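Visitor: coords please:
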Amino acid sequence: MIHRAYQAFHARDVEGLLEIMAPCVEWVHPDGMAEFGLGGTRQGHAAVKEFLARVPAVLGGMRLEPKEFVESGDRVVVFGVRQVTSLRGNTQTLSFVHSWTLREGKAVRMEDIFDTVAFHRLIAS
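Guide: Next up, the predicted model:
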């Protein structure tokens, strides 16, 4: 199921991404991204859509490349890299860790963990 989430993200298929998420999903990003409107916890499908709609105002592009999936009970932790492009066209490879929590066949929480300082530098570049 989590593999499908990355396939949907790659295809920019927001509805496909939301299909794997519970209606009450928590979508969590580092508070350090708040100044760009991308930090904090959002809850529910509408909030996830709003978050995803905000990203193009801050970044020129992003491609996620999950490298390793580690499962334990109701958790899946994904280690990967993302190719992130600033609005000015500068691209960098940045690491991420995604922690997914699953219940009854749906994702109820996704937490994105990454180096916010490196992200800030890229956005400013």
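
Visitor: okay, CA-based contacts and neighbour counts for the rest of this
Guide: Fine.

Visitor: do you know how far residue 115 is from residue 33?
Guide: Separation of residue 115 from residue 33 (C-alpha to C-alpha, to the nearest Å) stands at 10 Å.

Visitor: just want the most central residue of the protein.
Guide: residue 112 (5.6 Å; C-alpha atoms, centre = their mean).

Visitor: can you pull the contacts of the nearest residue to it once chain neighbours are set aside?
Guide: Counting by C-alpha to C-alpha, 6 or more residues apart in numbering, the nearest residue to residue 112 once its immediate chain neighbours are dropped is residue 98, at 4.7 Å. Applying C-alpha atoms under 8 Å, 6 or more residues apart in numbering, we find residue 98 in contact with 77, 78, 79, 110, 111, 112, 113.

Visitor: next, the buried residues of the longest helix along the chain.
Guide: In the chain, taking DSSP state H as the definition, the longest helix is helix 45-58. Across helix 45-58, burial judged by 16 or more other C-alpha atoms under 10 Å covers 45, 47, 48, 51.

Visitor: thinking the last one is in contact with residue 38, fair?
Guide: Meaning residue 51. Yes - assessed by C-alpha atoms under 8 Å, residue 51 is found in contact with residue 38 at 6.7 Å.
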